[in-house]
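Q: structural data only, the sequence is not supplied:
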Ligand code: HEC
């Protein structure tokens, strides 16, 4: 199941409003939404890119089982069709972790 773009934008507008009051766990939600839209989304919300799609729990299950450390390492080093840092030069490790949790549903 793919998250459609309107849902994503709807979520982001709400998050932008709520972010200042939210107690941030790592990077805040508004920043994650923005970074996602600017970088990861090009592949992770693009069927046929070969990337596991955001919100597709089945596609992420085996990857998530590797653990967050491995996912972070693979994102930072690049993996298969994914360039190093997932093309996000401004992302911190906390940002990557937030982005990965957002896409994969990892706890
Ligand atoms: C140019 C396309 C592209 C972009 C941009 C991209 N990815 Fe990926 N990503 C991929 C592809 C393709 C894979 C599957 C790689 C494989 O396993 O062969 C992948 C896999 C992953 C994985 C799973 C790695 C694993 O260990 O299985 C994570 C986590 C990930 N991406 C995070 C991100 C994040 C975070 C961003 C944004 C900062 C991002 N990606 C941006 C293409 C992309």
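A: Structure's in. What do you need? All values derive from a computational prediction rather than experimental measurement. Residues are numbered from 1 along each chain as shown.

Q: mind checking how far the helix or strand containing residue 72 is from the chain centre?
A: Residue 72 belongs to helix 68-77 when assigned by DSSP states H and E. Its chain's average C-alpha position is 12 Å from that of helix 68-77, according to CA atoms, centre = their mean, to the nearest Å.

Q: and what of stretch 39-57?
A: With CA atoms, centre = their mean, you get 9 Å for stretch 39-57.

Q: one step back: now the helix holding residue 72: buried residues?
A: By neighbour count on 16 or more other CB atoms under 10 Å, the buried set for helix 68-77 is 71, 74-75. (Each C-beta comes from the backbone N, C-alpha and C, glycine too.)

Q: can you check stretch 77-89 too?
A: 82, 86, 88.

Q: can I get those in a markdown table with pLDDT and secondary structure?
A: Output for the buried residues of stretch 77-89, formatted as a markdown table (pLDDT from 0 to 100; DSSP: H, G, I helix; E, B strand; the rest coil):
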| residue | pLDDT | secondary structure |
| --- | --- | --- |
| 82 | 98 | strand |
| 86 | 98 | helix |
| 88 | 97 | coil |
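
Q: those: which ones sit near the ligand?
A: Intersecting those with the contacts of the ligand gives 82, 86, 88 (criterion: CB under 6 Å from any ligand atom).

Q: please name the residues that touch the first one.
A: Think residue 82. 43, 51, 74-75 (CB atoms under 8 Å, 6 or more residues apart in numbering).

Q: which pair in these spans the largest distance?
A: 43 and 74 (13.8 Å; CB to CB).

Q: coming back round to it: any idea which of the contacts of residue 82 is closest to residue 95?
A: residue 75 (10.2 Å).

Q: confirm for me that the closest one is in contact with residue 100.
A: Yes. Between residue 75 and residue 100 there is a contact at 6.8 Å, judged by CB atoms under 8 Å.
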